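1. give me a model of this one.
(one chain, ligands or ions: 1)
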Amino acid sequence: MRRWLVLVCGVVALLAGSVGPVVAQEPQTDPSFSNEVLGTYGLPEIAITQREDGYDAPREVVAGRYLVALVSRPGLSAYLNLVRVPAGLSDAEADEQLLSAARNDVPVDGWTYGGGTYAFDGNTAWVALDLQPGEWAWGLTSQPDIDDAEETVHLMPLTVTAGDAAASPVAAGIEPSADVTMTEFVFEGLDGTTLPTGPQVWRFTNSGSQAHHMVLFRTPMLLAQEDVTAMVDAFMSATPTPPPSWWNESVWVGYAAIMSPGQSILTEYDLDPGTYAALCFIADPETGMPHLMEGMAQAFTVA
Ligand SMILES: [Cu+2]
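-> Numbering: from 1, shown residues only. Predicted coordinates for the structure are as follows:
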């Protein structure tokens, strides 16, 4: 459960820069990952199972779309992103750069992030990934669910061999309830949307030129851009400034890990009725501002 707190607090610290410690209340959580619908499409399954000291994961698979089950161990949190590691890095450099993406959601140049998910304390999270032929890696981390526990990296090589694309159930034409396109700097497909309650499949596609992710909050009202700006301004203020009340009343409910341009995933959430906001905290290298300040903050309703 710590990882996403580190993410949000890390972003807050990043925004605060050198102006000193920021008193940020830890957001409440109600993880709303769901494992009901994606399993009905007949996708071949891959299990990535967390052990006390690492993971069990396949080293070689045939290209295609897979339902990947990230199975966490009780007391631990598990992070997965399918990655392509740039050539020429030492193992230590690769580990450090994966940790940057996993812990702080800061993408590193040269990497391809294929997307992923997060599970904790014995839960399983599902994500459907398109595995393209080539040399990839399971970018995995583990972290005990206690304060200040160290996050450890497990970068496990994955060879994807050429397969018969026609045999892949990709062609089955999965229709997601939410079809979200991420680009600079919007979440397209959620504006003005009312999604049904219950387990719903979401597709995320990065059609932009920067990496994106999504952190999903249930909010006390339908947010506007100025609400998000007020939150960031509070954290960036040189004098201690309490964040707007909506931030303290928001509940973290879900997440989709970093995706590079051109990447796409399917995942599934079961959201209670309410108002929600999809936020991208990744920093724009040109301005240094998190994408949510530039428009990647999209409110929607579940009813
Ligand atoms: Cu973004």
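2. over to Asp233: give its phi and psi.
-> phi -60, psi -40 (degrees, to the nearest 10).
3. report pLDDT for it.
-> On pLDDT, Asp233 comes in at 87.
4. ok, it - contacts?
-> Thr241 (CB atoms under 8 Å, 6 or more residues apart in numbering). C-betas here are computed from N, CA, C, even on glycine.
5. check Glu175 too.
-> Val201.
6. confirm that it sits in a helix.
-> No - under DSSP: H, G, I helix; E, B strand; the rest coil, Glu175 sits outside any helix and is assigned coil.
7. how far away is it from Val201?
-> 8 Å (CB to CB, to the nearest Å).
8. which positions in the stretch 201-303 of the chain make contact with the ion?
-> Contact residues, the stretch 201-303 of the chain versus the ion (CB under 5 Å from the ion): His212, Cys280, Ile282, His291, Met296.
9. which residues in the stretch 151-300 of the chain form strands?
-> Assigned by DSSP state E, counting those that start in this stretch, the stretch 151-300 of the chain shows strands spanning 152-161, 178-183, 186-188, 194-195, 198-206, 212-219, 251-259, 264-271, 274-279, 297-302.
10. list the contacts of the last one.
-> Outside strand 297-302, the residues within contact range by CB under 8 Å, 6+ apart are 186-187, 190-197, 219, 222-225, 228, 271-280.
11. go on, the third one?
-> Applying CB under 8 Å, 6+ apart, the set of residues contacting strand 186-188 from outside is Val180, Thr181, Met182, Met214, Ala278, Cys280, Gly295, Met296, Gln298.
12. rerun at 7 Å
-> Residues external to strand 186-188 that are found in contact with it (CB atoms under 7 Å, 6 or more residues apart in numbering): Val180, Thr181, Ala278, Gly295, Met296, Gln298.
13. separation between the last one and Ser34?
-> By that I understand Gln298. 20 Å.
14. looking at these two, which is more packed in?
-> Between Gln298 and Ser34, Gln298 has the larger neighbour count (other CB atoms under 10 Å), namely 25 against 19.
15. by pLDDT, rank the contacts of strand 186-188 and give me the bottom one.
-> Scoring the contacts of strand 186-188 by pLDDT puts Gly295 last, at 93.
16. let me see the contact set for that residue.
-> Phe185, Val186, Gln225.
17. and if we set it to 6 Å?
-> Neighbour list for Gly295: Phe185, Val186 [criterion: CB atoms under 6 Å, 6 or more residues apart in numbering].
18. how is the chain carved up into domains?
-> The record's domain split for the chain, according to automatic domain parsing, is 2-9+37-169, 176-302.
19. if we can go back for a sec, and which of the residues of the stretch 201-303 of the chain next to the ion is nearest Pro86?
-> The shortest gap between Pro86 and any of those belongs to Ile282, at 18.5 Å (CB to CB).
20. number of residues surrounding the residue nearest to Pro243 when sequence neighbours are not counted?
-> Closest residue to Pro243 apart from its sequence neighbours, by CB to CB, 6 or more residues apart in numbering: Ala234 at 4.4 Å. The number of residues packed near Ala234 is 19, by other CB under 10 Å.
21. how many residues are close by Val37?
-> The burial count for Val37: 18, using other CB under 10 Å.
22. check contacts around it.
-> Pro199, Val201, Glu268.
23. can you tell me how far it is from Gly198?
-> Distance from Val37 to Gly198, by CB to CB: 9 Å.
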